[in-house]
Structures are given as structure tokens and as C-alpha cells.
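>>> need a structure here:
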Amino acid sequence: MQSRIKEILALQGAGAEVVIDGWVRTRRDGKGFCFYEVNDGSCLSGIQAVIPGTLPDFETLLSRVTTGSSVRVKGVLTESLGKGQKYELQATEVTVYNVAPPDYPLQKKKHSFEYLREIAHLRPRTNTISAVARLRSSLSFAVHTFFQERGFYYVHTPIITTSDAEGAGEMFRVSTLNMEKLPKTEQGHIDFSKDFFGKPASLTVSGQLEGEAYAMAMGRIYTFGPTFRAENSNTSRHLAEFWMIEPEMAFCGLEQDMDLAEEFVRYLCAYVLEHNREDIEFFNSRVNPAVLSNLESVALQGFERISYTEAVERLSSSGHAFEYPVSWGADIQSEHERFLTEHIFKKPVIVYDYPKAIKAFYMRLNDDGRTVRAMDILVPGIGELIGGSEREERMDVLISRIKECGLDERNYWWYLDLRKFGGAPHAGFGLGFERLLLFVTGLQNIREVIPFPRFPGSAEF
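Predicted coordinates:
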């Protein structure tokens, strides 16, 4: 079986006979031989294969292999005399699977991220996007490792739901109704009783509510899956489809919730520094020179913790001219979040006890009646990375908050049952996986850190 290039480059000493399969990044010609730079996606580095002119089909095929072609090369690993490469492969046998035509879209030149999104099926062959993909894979494994080692159970929450966890109403409708002939009620409204589920259904914005049900039976659970927002936004921070990590813990308060969230973020940063160093150094040198120092800072030092009220006071007294005014009761904007982390504290910050008016109905109301036991983790370069809270376990208060937020209590009957039958204090948080990847890579647009981005007007692939 062929070896992966990552494994070959890790060998201690040359001389082994190896076989690689991969794609040709470049071909250079010499007198009586040529060079292929072959990459197989296992790591950032490729390996140079020296193809001698004595091989069969050299003149008719091997010397005409183009960028983007797929090949198998068998040969002997030798120490390279060239700079920047440990080994090269002296080929003894070459198989050409496919010769890419001259219009191969990824020639050896700089391509914009906007252009690469137009060829999203090919962009994983670039250094940047392949490095992102390896980091996504590594961090996904780290997420499961973190929670499994701490006694959490992985729960698959539904993609299709009839509950709006955020209460914002920006949800994608799921329906089998004929859009050309919609059934109507006597009042002229759409008759959803004729739909597949017998009522309006949508793609989920969060697995939290269902996660709480399992936390109330199993103690500690987490979800990790796709979520959807029908927000018509074309900013660099929004996607219509993205992935969320959402742990829920029974018999847990806000302090424990903040402790776990901080430990989680620091663990993930330390994990990629240890396991993905080559890719991290690539982003540090090619994308953002602060990537490495930011990761090391987060991994090694504790986070600052301040109340929302204190955060507003610190921002207001900073003397900085913000685009959005700072005032108690208004949401903290991205520019405010970054100012707190990058200028005032110069480290990640956990802000807690937000005004109830700007937070979701399920967050536990504080005794002051004005704030809820919510928390956000803010990190340099990104702003909000995690949002969480202690959940409201008091039935009467939760019903009041549902009504106050203009939601239909009937849609949350089962959620209220969790308070009625053995309710207990509990808490949790959500981490947007793509936001984490923006922080880890230093990239500026969230569309670059998910394989096939979904945003308004784009669902081509």
C-alpha cells in the first residue's frame, strides 16, 4: 500500500522504497529527466519526485504531465540536495492516472479567495484550504476527546424542529407542500395541517433545547452538528449553515459553566499547537503574524472575568471613539468585544450578567430582575467565540419570559415539562466551530473555513 507523504517526511533516514499517490503541483524539466512536485493532502509539504528519462513512456507521456494531473510514483527515498526539502524520491516506476488539460483552474499563481469560492470543488487542493481542512478534522477530534475524557455523552439532536431556540424567527422552513398550490385555511392562512409534520417545521438554529432534555437524564451531554440561520447577511462573519458545539450540564451554575468553557477553549488551542504546528506556522507566516502568539496566549494564561455593567463602564471611560455608541442595555458590538480583549485587557475576556432584554428567554433571571445569568467568551481578533448561560429552571419565571419574548407557550410544552418533572439547576454554552477556525487560522472571512459555504445567493455545490 502507498505511503502518505506526511509519514514519509517523518521517516528517520533515507533509503526506503516507497509508493506515493497524489496530484502534481508543478513540473520542471531538465536534460534527460524531469521533476514532479507531488502533494497528497496529508500535510502542507509535497515531495519532489525525480523522473529519469530512461523510464518507459518518458518522451510520450511522463515528460508531458501537467499541473493538476494525478500520478503514482514508486521509487527510492534519498536525501535532497535542494533547499527547503528533507527528502526527494528517485522514481523507478510512474503511473499516470489522469493528465489535466491546460484549462486546469489552479495553475501555479496566486488566486483570490473570492475566485476559489467559485471553484469550491477544487479549492481543497490549495495550501490554504487544505490546511483549513486538516485543522477542522483535528479540532473535531479534539472536541470529542475533551468531552469524552470528562464524562460527557455525545447526543445527536434533531436537524428538523418545530421550536425556535433563539426566538429570533430567522429559520429555514421545511415543507413538502406544493408551493404552486398552497392549501389554505378558512381564514386564508397556509394550512400546515396538510404538511408533512402537520405543523410548521424548520431547520434548527440550535440543538440546545433538545440537549437540555438529555442533560436532565444523563447529567452531562454535548452536541456537535450543523445549525442553520436564514439571516439575509453578506458579512464576513455570517453563514446560513454552520456547525455548533453545545454542552449541557445538570446541577451546574454559571461559575462552573464559565470554568468549563474557558478550559475547553484553552484545551483546543493547546491541541492544535501540539498536533498541527506546520499548518499553524503556515497561517502565521502567510495570513496573520499574530496567529501563533494569540494561540499560545490563550492556551497558557487565564481569562479575565467582568460583568456586563463593568464592561460598559470600562468601554465608556476608555475615550475611544466607537462606531456604535456604548450604553447600558445595548448589545456589545464586535468592535467593543475586540477593544476589551486587544486593548484594555490584552487577553480573552468572559463577560457575564447581561441585560435580559438582549438575551434569549431560557437564560436564568437574576434577582435584580434586569439581568440574566448569561456569559460570553471574547477573544482577540474575533470577539465573541462562546455564548452560554445558566438555564432558567423555575417554571413560573420561564413561562413569564416566554410570553415576554412574544413566543407561543404551546410550542415549548415539552421544554416546560423538564421543569415540572425533576427540574434542576443546569447550564451550558455554544461555540461556533467556524468562529473558532477563524481564530486559529487568522483568516478574515468565515466562508473560507467551511468546505462548501452557504450564504445568500450561494448553494452551488
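>>> hey, where'd the helices end up in the protein?
Under the criterion DSSP state H, the chain contains helices at 5-9, 113-118, 127-149, 208-218, 254-275, 277-286, 291-300, 308-316, 334-339, 395-404, 413-420, 433-441.
>>> Export the shortest one to PDB, keeping only CA atoms.
Okay, so that is helix 5-9. Taking Å, rounded to 0.1, in the frame of the first residue of the first chain, the C-alpha atoms of helix 5-9 are listed here in PDB:
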ATOM      1  CA  ILE A   5       3.700  12.000   2.300                       C
ATOM      2  CA  LYS A   6       3.300  13.100   5.900                       C
ATOM      3  CA  GLU A   7       4.500   9.700   7.000                       C
ATOM      4  CA  ILE A   8       7.400   9.600   4.600                       C
ATOM      5  CA  LEU A   9       8.700  13.000   5.700                       C
END
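>>> Distance from it to the middle of the chain?
In terms of C-alpha atoms, centre = their mean, to the nearest Å, the centre of helix 5-9 is found 27 Å from the chain centre.
>>> got it, and the third one?
Its chain's average C-alpha position is 9 Å from that of helix 127-149, according to C-alpha atoms, centre = their mean.
>>> quick revisit: most packed of the helices of the chain?
Using mean count of other C-beta atoms under 10 Å, the stretch among the helices of the chain with the largest mean neighbour count is helix 433-441, at a mean of 23. (C-beta placed from N, C-alpha, C; glycine too.)
>>> That helix packs against which elements?
Helices and strands in packing contact with helix 433-441 are listed as helix 127-149, strand 241-250, helix 254-275, helix 277-286, helix 291-300, strand 383-390; criterion 3 or more C-beta pairs under 8 Å, 6 or more residues apart in numbering; DSSP states H and E.
>>> Format the ones you listed as JSON lines; extra columns: distance to Trp23 and mean pLDDT.
Formatted as JSON lines, the helices and strands packed on helix 433-441 follow (distance: least, C-beta to C-beta, whole Å; pLDDT from 0 to 100):
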{"stretch": "helix 127-149", "distance to Trp23": "11", "mean pLDDT": "98"}
{"stretch": "strand 241-250", "distance to Trp23": "27", "mean pLDDT": "97"}
{"stretch": "helix 254-275", "distance to Trp23": "24", "mean pLDDT": "98"}
{"stretch": "helix 277-286", "distance to Trp23": "18", "mean pLDDT": "97"}
{"stretch": "helix 291-300", "distance to Trp23": "27", "mean pLDDT": "94"}
{"stretch": "strand 383-390", "distance to Trp23": "35", "mean pLDDT": "96"}
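>>> Same list, the ones you listed, but as CSV with distance to Asp396 please.
As requested, these are exported to CSV (distance: least, C-beta to C-beta, whole Å):
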stretch, distance to Asp396
helix 127-149, 33
strand 241-250, 20
helix 254-275, 20
helix 277-286, 50
helix 291-300, 40
strand 383-390, 17
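>>> Of all the helices of the chain, which one is nearest Arg370?
In terms of C-beta to C-beta, the element of these nearest to Arg370 is helix 308-316, at 9.7 Å.
>>> Dump the closest one to CSV, restricted to CA.
What follows is helix 308-316 as a C-alpha-only set of coordinates in CSV (Å, rounded to 0.1, in the frame of the first residue of the first chain):
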residue,chain,number,x,y,z
TYR,A,308,-21.5,43.4,31.5
THR,A,309,-22.0,46.5,33.7
GLU,A,310,-18.3,46.8,34.3
ALA,A,311,-17.5,46.1,30.6
VAL,A,312,-19.8,49.0,29.6
GLU,A,313,-18.1,51.3,32.2
ARG,A,314,-14.6,50.3,31.0
LEU,A,315,-15.6,51.0,27.4
SER,A,316,-17.3,54.2,28.1
